[in-house]
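1. Got a predicted structure here, sequence first:
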Amino acid sequence: MELNKNNTAVVVTDPQNDVLSEKGIAWGLVGDSIRENKTVENLEKLFQAAKQNGFEVFISPHYYYYYYYPTDYGWEFGGPIEKMMKDTKMFARKNALSLDGFSGRDKF
């Protein structure tokens, strides 16, 4: 397979500090897997290889349905990660445009 820099790019969707950082709120649930799979190191290698070979890199933030608004706290669904996100107010937002009260927004 031949990659063409004119129509090929690297796209990384939703690399979050809450998941990728030891200071992140989800680290206790996912940290072992992140370390075992060398996720951060592999992302760094991917970015370096793209840069060295002239490929564009795009970071695509993922707008989660997990952003909890006041009306969402009545939901009764989800597994351990969803429960942790809800209980810790990991993605708690007053509305779609507000960062007020957003848990951990100034940690990193």
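-> Thanks, I have it.
2. Quickly note the distance from the residue nearest the centre of the chain to residue 57.
-> Geometric centre of the chain, nearest residue: residue 16, 2.6 Å, by CA atoms, centre = their mean. Counting by CB to CB, to the nearest Å, the separation of residue 16 from residue 57 is 17 Å. Backbone N, C-alpha and C define where each C-beta goes, glycine included.
3. List the buried residues of the lowest-mean-pLDDT helix or strand in the chain.
-> Across the helices and strands of the chain, mean pLDDT, DSSP states H and E gives its lowest value to helix 80-87, namely a mean of 76. Neighbour counts over helix 80-87 (16 or more other CB atoms under 10 Å) mark 85, 86 as buried.
4. Ok, stretch 31-46 next?
-> Those would be residue 34, for stretch 31-46 by 16+ other CB under 10 Å.
5. Compute the first-to-last residue distance for that stretch.
-> The straight-line separation of the ends of stretch 31-46 (CA to CA, to the nearest Å) is 20 Å.
6. Check the offset of the longest helix seen in the chain from the chain's centre.
-> Determined from DSSP state H, the single longest helix within the chain is helix 39-52. Relative to the chain's own centre, helix 39-52 is displaced by 16 Å; criterion: CA atoms, centre = their mean, to the nearest Å.
7. need the contact list for residue 47.
-> Residue 47 sits next to 10, 57 when contact means CB atoms under 8 Å, 6 or more residues apart in numbering.
8. same thing with residue 31?
-> Residue 31 neighbours (CB under 8 Å, 6+ apart): residue 22.
9. what does residue 84 give?
-> If you count contacts by CB under 8 Å, 6+ apart, residue 84 has them with 25, 26, 29, 90.
10. Distance check, residue 37 against residue 9.
-> 23 Å.
11. mind checking the end-to-end distance for stretch 6-20?
-> Its first and final residues considered, stretch 6-20 spans 31 Å by CA to CA.
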